[in-house]
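> Fold the following for me, if possible:
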Amino acid sequence: MAKAIWNGVILAESDETIVVEGNHYFPPDTINRQYFQDSTTHTTCPWKGVASYYTIVVDGQQNKDAAWYYPSAKEKAKNIEGYVAFWRGVTVEP
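Numbering: from 1, shown residues only. As a prediction, the model looks like this:
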């Protein structure tokens, strides 16, 4: 079971992650939403589409844009549409 951990808290946990380009994408219903705040940041991947971000907040500490997802993925990435991946110090234990 893969776990995403930051600041001692499990942000997401699933045995159904999808690994793309070395990143574990967690199904949206497996994230602990109380730690996620919508961000206004967006980036574009040529083959996946436009990514949206979450800022992670744990015990008053913020990790800006530490999670991302593709709300409307391009055709080649439809399998990860809505799934959430992590970086910026978030540890993912496979």
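> T17 is in contact with A4, correct?
No. Using Cβ atoms under 8 Å, A4 is not in contact with T17; the gap is 9.1 Å. C-beta coordinates here come from the backbone N, C-alpha and C atoms, glycine included.
> quick one: common contacting residues for the two?
Taking Cβ atoms under 8 Å, 6 or more residues apart in numbering as the contact criterion, the residues that touch both A4 and T17 are H24, F26.
> which one of those two has more residues nearby?
A4 (27 against 24; other Cβ atoms under 10 Å).
> looking at this, the more buried one is in a helix?
No. When classified by DSSP: H, G, I helix; E, B strand; the rest coil, A4 is found to be strand rather than part of a helix.
> give the contact list for it.
Applying Cβ under 8 Å, 6+ apart, the residues contacting A4 are I10, L11, A12, E13, H24, F26, I31, A67, F86, V90, T91, V92.
> Of the residues you listed, which belong to strands?
Counting by DSSP state E, the part of the contacts of A4 found in strands is I10, L11, A12, E13, H24, A67, F86, T91, V92.
> okay if I get those as TSV plus pLDDT?
Compiled in TSV, the ones in strands among the contacts of A4 are given as follows (pLDDT from 0 to 100):
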residue	pLDDT
I10	98
L11	98
A12	98
E13	98
H24	98
A67	98
F86	98
T91	98
V92	98
